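# sequence first, predicted coordinates after that:
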Amino acid sequence: MRNLMRAAVAALSLTAASFTAAADLTDVNTIVEQANLAAYYKGNDGRSEARMVITDAQGRQQTRQFTILRHDEADGGDQNFLVAFSRPADVRNTVFMVAKHTQSDDDRWLYLPSLDLVKRISAGDKRTSFVGSHYFYEDVSGRNISEDEHRLLETTAEHYIVENTPKDPASVEFSRYKVWIDKNNMLPVKIEYTDDADKLYRRVEVLAVEDVQGHPTVTKSRVSDLISGGFTTMEFRFLKYDIGLDESVFTERSLRKLPRNWLRRPKS
Amino acid sequence: MSLRDRLVSFAIEKPKQVFYLVLALVVLAAAQIPSIQVDTDPENMLPHDQADRVFHDVVKERFALHDMIVVGVVNDQNPNGVYNKETLTDLHTLSNAVQKMDGVVRQDLMALDTVDNITQEGPGSIRFEWMMKMAPETPEQVARIKEAVSRLPLLQNTLVSDDNQAAGIYIPIVSKSESYRLSQEIQAVIDTLDSQNQYYMAGLPVAEDTFGVEMFIQMAISAPLAGLMIFILMWVFFRSFLLITAPMIVAMGTVIITMGALIGQGYTVHIMSSMIPIFLMPIAVVDSVHILSEFSDRYRPGEKPQQALKEVLGHLFTPMLYTSVTSAVGFASLAFTPIPPVQIFGLHVAFGILLAFLLTILLVPAYIVSLSDKRLAALKDHNIEEDDNSLLGRLLAFTGRFSIAKAKALVVGFVAVVAISIYGVTQIQINDNPIRWFKEDHRLRVADKVMNSHFSGTYEAYLVLEKGDLAEDRTLLDSQLKQFAVEAGGELPAELDKILDAVKNDAFQTYTDNLISAFDEASYTRPAAEESVWLAMLEAAENAQVDAKYFLTPEALSYLEGLQAHLNESDLIGKTNGLPTLLKTVYRELNGGEAEQYKLPRSAAAAAQTILSYQSSHRPDDLWHIVTPDYRATVLWLQLKSGDNQDMSKVIDLVNAYTDANPLPEGVEANWAGLTYINVVWQEQMVNGMLNSLLSAFAMVLVMMVVLFRSVKIGLLSMLPLTVTILFIYGLIGWVGKDYDMPIAVLSALTLGLSVDFAIHFLERARAIYNETGDWQATVAEVYRGPARAISRNAVVVAVGFTPLLFAPLVPYITVGFFLATIMAVSAVVTVILLPAVINHISNKSSLFGSEKEKQNA
């Protein structure tokens, strides 16, 4: 009887413990790692078409369209991106390629077809505008999680709220940023940046999440410049994971001679 | 009963009501004064809906241009100028602090630490990075910054001067009205930096706001000082506080009610209107002096003062009314200028003069009847009429004899003066520059001088080139698309109509964007058979979109490049920045960074891709300060060394000469914007407007004179002194080389209104005396005893009343003070010397004066 009781108590406490574990992560690094995987490493590779609408403070709009090919070398590790512009027509076939490294600086290339020019963009600041939009290059390829200190601020019914402060404040324009991570799918759904005057100046928001081949995937997001009032929305369509991309697609050769087979829109 | 009698009776019979009424008005008006709004914005010289101003505002909005405070950091001690660790560290600290201030447009602030640098990093590799994210710590880092700036034409001589001795921080601000506060905050930060640098603040917003603050000080000092001067002067003339109390009350009442009315109506107090009190005070006392003088002549102690008052007012009413109305007309004629602040000034001074007349008619009699018998007797004790043996009396008597004796020589002399003056008038330099509203040694003038000696110039003018609208392109694309759809048949035309209908209200760029996206979608979702048609339409829309980006085409860019090269040759223009400058710089860096690659991309697509590379920077939006996102309009930034309107006009001529020799590409229009240009516009309007206002005032006053004297000849004679005075004053300005600026322009109307008064008094009395005596010599002698003395005294009162302006810290006030004093002196002299000399030449004096009897006073 006593044994039974003891067993029952043990079972109860175990259940409670496992419930807690499933419902609420408490280790901030685990949360951040999972969020990083959810946001940038779905499948082994992927293809999507992005339509970016840049709206300035006066409401004037510009559109950019491009196809993104991605290939992961390892989950949470090195990755390759190839961004090929299709519109507006005067920048068609302009290509931007990134070899993202977690242990060293990224390699970046730019191909400008009308200048017949391949340029290597030196590892420098990645927090520069992505082709004139309110997104930064770093927003597109993902910020290396080891560059910030993370602190779990709060766990709400829906979100983990994590505050991140840069290890090297001189390398970035923010003093800290707060991320809201959806507990259900571990996707970061809102990020707010604060400057060194403690003023909120930039916000990234997820506007739509869809299920793609079983992966919850962001299909629409927006970055707002809270100071000027301008913002950019980015919509992804024709997403597909695990299409069989390999490293050979992501070479300097591909810049001048686009991998058309992979870039072509898949027939549903 | 005439209006005059009713007013006079009211004042005499109900003095208390008069006092209460005036007091009530003064209190009501004074209550408005605390809500005063000062406006020192030169842009407001033009009405809000004036075409150039509207365009200027549109340009500012379209290109997201803000008003700027420019802080200059100068180091002329260090051989490397600002390129040393300490100076750059201070600059970094200052810029950082400024970025955190409220009211600063942070993202557009330009300083070494907020701009980007593009550099070569080994073959085939470029680097985008902040120019000076952190303050440099080693000489190598300093040298790198120097090298980088000198390679970037958009920055060199803008952020750091060519002589390396000065660096600039360009601080865009949300609202001009905050620039004084911000400049104080910036100064506070500067005060914490201890280094060998000098700091200067420039830019029109600071100048304007500072002017506003100093204007208040000016008003608070000059107006009471003018009142004090007049008070002392009247004491010298009349030696009776009792006597001069009345004019002082009239003057104060007039000033307070007029300013209260102006502020109460919601008008802002501009530079001109801030001078209203100083204008009104001397003018307002003059009429009361006339009344008091005459009253003390006629009044017999022991009598009731009412009768004497009625006689005096009956006698003086008409000339006082006429002198007031003519002065008012002179000022009111300023309403014909197209400059709102000048209009408001003119109309309110006119109102104030008429009010002063009314207050004089009501208050002075009410004041006199309220005096006790003892005081009235005391009033009589003061001999108001000066002794004929006084200095002034003897001088005037001599003048009278002289002007008759040497009549011929005098007339010839005046004709010569007029001829010389007319030549002087033709030499007048029309010019203005708001920075010159400050004295030479003012810190803003000094800053302006220092900054312009180091940099390419701190005065900005914008030349906007714009390609005509896209209505035709749109119609063409629509019909092209419809043709595709009709040829394909089936459901296509209906589908296309739906798509076209959805985008019909979009601007061209969005319209094509949305068409492209809809066609792309349709090619994918509609039946496969339609795909090729949708793709063809998509291509047509894409082509139309690319073709519409006019200022990316080689044709447009090389025209701009040529124009820039032409302008850069001029000494007036320190530097021009434009889309070609940006494109050539980025193109050079993309192509290895050698100087020979500093050229325009070969095609529109190459230009678009060069721009796409540029946009991958920290400040992609800088692009939109020189071209609109649809590439239909672009702006050339001209940095001018001088903000003088004359120099801006020369720059305009320079551009016109170029566009005449090299016609603008088809459908392209060029227009100017920028404050330096706006100043030229309002000045031109003012010159023409002033001529109109002067001519119309001249005509109106002439008509009034003819009516007053019921004689064309005397009417014309009365215009003679003011004509000579105006020509003399403007001739003098031409000869001395003083720029014809806003205050000078306004003077013409004032001269006209004020100096005709002297002629009225002189001729009115001369005629009356001639009609009594019938002898010209006797008339002259008599006139020089009475009226000439009154004229001289009034001229002195008014002239001296304006002299406090000479001590003003702001130049426009000094100018007005100096010239008004001169005008009063000259017109008094011309009246008392020239008029008798000219009349002396008219043989039949009886027909000149005699045609009319003394006017009825009933």
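That came through fine. Numbers count the residues shown, from 1 in each chain, chains lettered A, B, ... in the order given.

# can we go C-alpha only for contacts and neighbour counts from here?
Will do.

# residues of chain A that sit close to chain B?
A:60-63, A:88-91, A:94, A:112-115, A:118-125, A:127-133, A:170, A:197, A:227-228 (Cα under 8 Å from any Cα of the partner chain).

# next SSE after the one helix or strand residue B:793 maps to?
Here residue B:793 sits within helix B:787-802, counting by DSSP states H and E. Counting by DSSP H and E, the next helix or strand C-terminal to helix B:787-802 is helix B:811-841.

# what secondary structure does the closest residue to residue B:165 other than its chain neighbours sit in?
Closest residue in space to residue B:165, ignoring its immediate chain neighbours: residue B:81 at 4.1 Å, by Cα to Cα, 6 or more residues apart in numbering or on different chains. Under DSSP: H, G, I helix; E, B strand; the rest coil, the three-state class of residue B:81 is coil.

# show the pLDDT at residue B:81.
pLDDT recorded at residue B:81 is 93.

# cool, and residue A:11?
49.

# for stretch B:726-742, buried residues please.
Within stretch B:726-742, the residues that count as buried by 16 or more other Cα atoms under 10 Å in any protein chain shown are B:726-735, B:738, B:740-742.

# quick one: least confident helix or strand in chain B?
Within chain B, no helix or strand scores below helix B:373-381, which has a mean of 69 by mean pLDDT, DSSP states H and E.

# secondary structure and distance to residue B:496 added to the buried residues of stretch B:726-742, as CSV?
Formatted as CSV, the buried residues of stretch B:726-742 follow (DSSP: H, G, I helix; E, B strand; the rest coil; distance: Cα to Cα, whole Å):
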residue, secondary structure, distance to residue B:496
B:726, helix, 73
B:727, helix, 74
B:728, helix, 76
B:729, helix, 74
B:730, helix, 71
B:731, helix, 73
B:732, helix, 75
B:733, helix, 71
B:734, helix, 71
B:735, helix, 74
B:738, coil, 69
B:740, strand, 64
B:741, coil, 62
B:742, helix, 61
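
# now, which of these sits nearest chain A?
Taking Cα to the nearest Cα as the measure, chain A lies nearest residue B:742 of the buried residues of stretch B:726-742, at 36.4 Å.

# quick one, what contacts that closest one?
Neighbour list for residue B:742: B:432, B:683, B:686 [criterion: Cα atoms under 8 Å, 6 or more residues apart in numbering or on different chains].

# quick check, the residue nearest to residue B:165 in contact with residue B:161.
No: here residue B:81 does not reach residue B:161: they are 9.5 Å apart, not a contact under Cα atoms under 8 Å.

# which one of the two has more residues nearby?
Per other Cα atoms under 10 Å in any protein chain shown, whichever of residue B:81 and residue B:161 has more neighbours is residue B:161, with 24 against 19.

# circling back to that earlier point, from the residues of chain A next to chain B, which land in strands?
Taking DSSP state E as the definition of strands, those contribute A:61, A:62, A:63, A:112, A:118, A:119, A:120, A:121.

# ok, residue B:693 to chain A distance?
As judged by Cα to the nearest Cα, to the nearest Å, residue B:693 and chain A stand 42 Å apart.

# would you map the strands across the stretch 551-700 of chain B?
Assigned by DSSP state E, counting those that start in this stretch, the strands in the stretch 551-700 of chain B fall at B:573-577, B:633-640, B:668-673.

# same question, chain A
A:45-55, A:61-72, A:79-87, A:95-100, A:107-112, A:117-121, A:148-155, A:159-166, A:176-182, A:188-194, A:200-212, A:215-225, A:231-241.

# now these as CSV including mean pLDDT and distance to residue B:50?
Putting the strands of chain A into CSV (pLDDT from 0 to 100; distance: least, Cα to Cα, whole Å) gives the following:
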stretch, mean pLDDT, distance to residue B:50
strand A:45-55, 95, 31
strand A:61-72, 94, 30
strand A:79-87, 94, 41
strand A:95-100, 93, 48
strand A:107-112, 92, 46
strand A:117-121, 89, 49
strand A:148-155, 95, 55
strand A:159-166, 96, 52
strand A:176-182, 96, 48
strand A:188-194, 97, 43
strand A:200-212, 96, 37
strand A:215-225, 96, 34
strand A:231-241, 95, 34
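
# make TSV out of those and add mean neighbour count and distance to residue B:601.
Putting those into TSV (neighbours: other Cα atoms under 10 Å in any protein chain shown; distance: least, Cα to Cα, whole Å) gives the following:
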stretch	mean neighbour count	distance to residue B:601
strand A:45-55	22	25
strand A:61-72	23	21
strand A:79-87	23	20
strand A:95-100	22	18
strand A:107-112	21	12
strand A:117-121	20	12
strand A:148-155	17	41
strand A:159-166	21	40
strand A:176-182	22	40
strand A:188-194	20	37
strand A:200-212	17	34
strand A:215-225	19	31
strand A:231-241	20	28
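
# export the ones you listed to a markdown table and append columns for distance to residue B:821.
Formatted as a markdown table, these follow (distance: least, Cα to Cα, whole Å):
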| stretch | distance to residue B:821 |
| --- | --- |
| strand A:45-55 | 60 |
| strand A:61-72 | 61 |
| strand A:79-87 | 71 |
| strand A:95-100 | 74 |
| strand A:107-112 | 72 |
| strand A:117-121 | 71 |
| strand A:148-155 | 74 |
| strand A:159-166 | 70 |
| strand A:176-182 | 66 |
| strand A:188-194 | 62 |
| strand A:200-212 | 58 |
| strand A:215-225 | 59 |
| strand A:231-241 | 61 |
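
# nearest to residue B:470, of those?
For those, the distance to residue B:470 is smallest for strand A:61-72, at 16.8 Å, taking Cα to Cα.

# what helices and strands are in contact with the closest one?
Helices and strands touching strand A:61-72, by 3 or more Cα pairs under 8 Å, 6 or more residues apart in numbering or on different chains; DSSP states H and E, are strand A:45-55, strand A:79-87, helix A:260-263, helix B:508-525.

# for chain B, what's its nearest residue on the stretch 151-268 of chain A.
Counting by Cα to the nearest Cα, the stretch 151-268 of chain A gets nearest chain B through residue A:197, at 6.6 Å.
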